[in-house]
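Chemist: take a look and give me a structure for this.
(one chain, ligands or ions: 1)
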Amino acid sequence: MTLIDERLEELKSKALACSDCPLAQTRTNVVFGEGNPNTPLVLVGEGPGANEDATGRPFVGRAGQLLDQCLAENRITRKHVYICNVVKCRACIIEGRSVKNRPPRQEEVSACYHWLKEQLEIIKPLVILSLGAPASNIIIHKDFKMTRERGIFFPTQYAESAIAALHPAYVLRQHGAEFEAARASLVADIAAARRKVMEIKKELAEKAAPQPENKPAPPQELSLF
Ligand code: URA
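Modeler: Numbering: from 1, shown residues only. Coordinates of the predicted model:
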């Protein structure tokens, strides 16, 4: 266990007892986040849905399955990355016997923000991939527009670089050719984030130990990143 694992576990145990906003009253589980805390790449979604609330794990419903497939097409598994959300508890509307997801309210996002901030301060990823506009509004900038700014790298206080991708739940709502195009853009943005990690790592390695001019650089990236 690294110091990062330990610090994240400590933060998680506090988050599991959180009652800072009304979502605490309707949640089944706090969905803190999971994956590899020692990773250079963190994915941030909006907030848990029904499956995540039931299991306490991020992205385990249909959107999560699509996300896993798109990661796999980039040879990435959940062991390589860390996945979390802006809001750690499910936002829902209870109408009689039916419970429906709803977007988290601004005050819920604000109340939850410090968990995400602390999580990212502990992990210190090199790159963040924000999934969907609500996560990108937090990670990249508050007026983020998916149509204009998707797929572009931005410096951020949480990592050296961040890039937004379409949210997998949005991709699932598309049909036919639109679905294929949206899915392909998610795969491409994951690929771009992965390449960016490798680029930053290479720059950092060169800064730490510059290669003598006539010595060829060692083969880059035997491992995933
Ligand atoms: N959508 C999200 O934004 N996060 C999840 O964990 C699941 C679905």
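
Chemist: format the CA atom coordinates belonging to the top strand by length along the chain as PDB.
Modeler: In the chain, taking DSSP state E as the definition, the longest strand is strand 159-165. As requested, the backbone C-alpha atoms of strand 159-165 are provided in PDB (Å, rounded to 0.1, in the frame of the first residue of the first chain):
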ATOM      1  CA  ALA A 159      -3.800  18.100 -13.200                       C
ATOM      2  CA  GLU A 160      -1.300  19.400 -15.800                       C
ATOM      3  CA  SER A 161      -3.900  18.800 -18.500                       C
ATOM      4  CA  ALA A 162      -7.600  18.000 -18.800                       C
ATOM      5  CA  ILE A 163      -9.700  17.000 -21.800                       C
ATOM      6  CA  ALA A 164     -13.500  16.600 -22.000                       C
ATOM      7  CA  ALA A 165     -15.200  13.700 -23.800                       C
END
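
Chemist: which parts of the chain sit against the ligand?
Modeler: Those residues of the chain that sit near the ligand, judged by CB under 6 Å from any ligand atom, are 31, 45-49, 52, 58-59, 63-64, 85, 169. All C-beta spots, glycine's among them, are computed from the backbone N, C-alpha and C.

Chemist: what's the closest of those to the ligand?
Modeler: The shortest separation between the ligand and any of the residues of the chain next to the ligand is 2.9 Å, and it belongs to G45 (by CB to the nearest ligand atom).

Chemist: distance of the closest one relative to H167?
Modeler: Counting by CB to CB, to the nearest Å, the separation of G45 from H167 is 7 Å.

Chemist: those two: who's more crowded?
Modeler: Looking at G45 and H167 with other CB atoms under 10 Å, you find the greater number of neighbours at G45, namely 28 against 24.

Chemist: and the more buried one, its phi and psi?
Modeler: phi -100, psi -170 (degrees, to the nearest 10).

Chemist: how about C89?
Modeler: Note on C89: backbone dihedrals following degrees, to the nearest 10 are phi -120, psi 150.

Chemist: quick one: residues contacting it.
Modeler: Taking CB atoms under 8 Å, 6 or more residues apart in numbering as the definition of contact, the neighbours of C89 are C18, C21, L23, A24, T26, R27, V30, V31, G47, P48, D53, C112.

Chemist: strands of this protein, residue ranges please.
Modeler: Remark: strands assigned in the chain by DSSP E are 34-35, 41-45, 82-85, 92-95, 98-101, 127-131, 153-156, 159-165.

Chemist: mind putting those strands in a markdown table, mean pLDDT included?
Modeler: Compiled in a markdown table, the strands of the chain are given as follows (pLDDT from 0 to 100):
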| stretch | mean pLDDT |
| --- | --- |
| strand 34-35 | 98 |
| strand 41-45 | 98 |
| strand 82-85 | 98 |
| strand 92-95 | 92 |
| strand 98-101 | 93 |
| strand 127-131 | 98 |
| strand 153-156 | 98 |
| strand 159-165 | 98 |
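
Chemist: nearest to F225 among the ones you listed would be which one?
Modeler: Of all the strands of the chain, strand 41-45 sits nearest to F225, with 7.0 Å by CB to CB.

Chemist: where does this structure dip in pLDDT?
Modeler: Low-confidence segments of the chain, defined by pLDDT under 70, are located at 211, 215-222.

Chemist: again, only this time at 50
Modeler: When the per-residue scores of the chain are filtered using pLDDT under 50, the ranges that remain are 220-222.

Chemist: alright, calling it a day.
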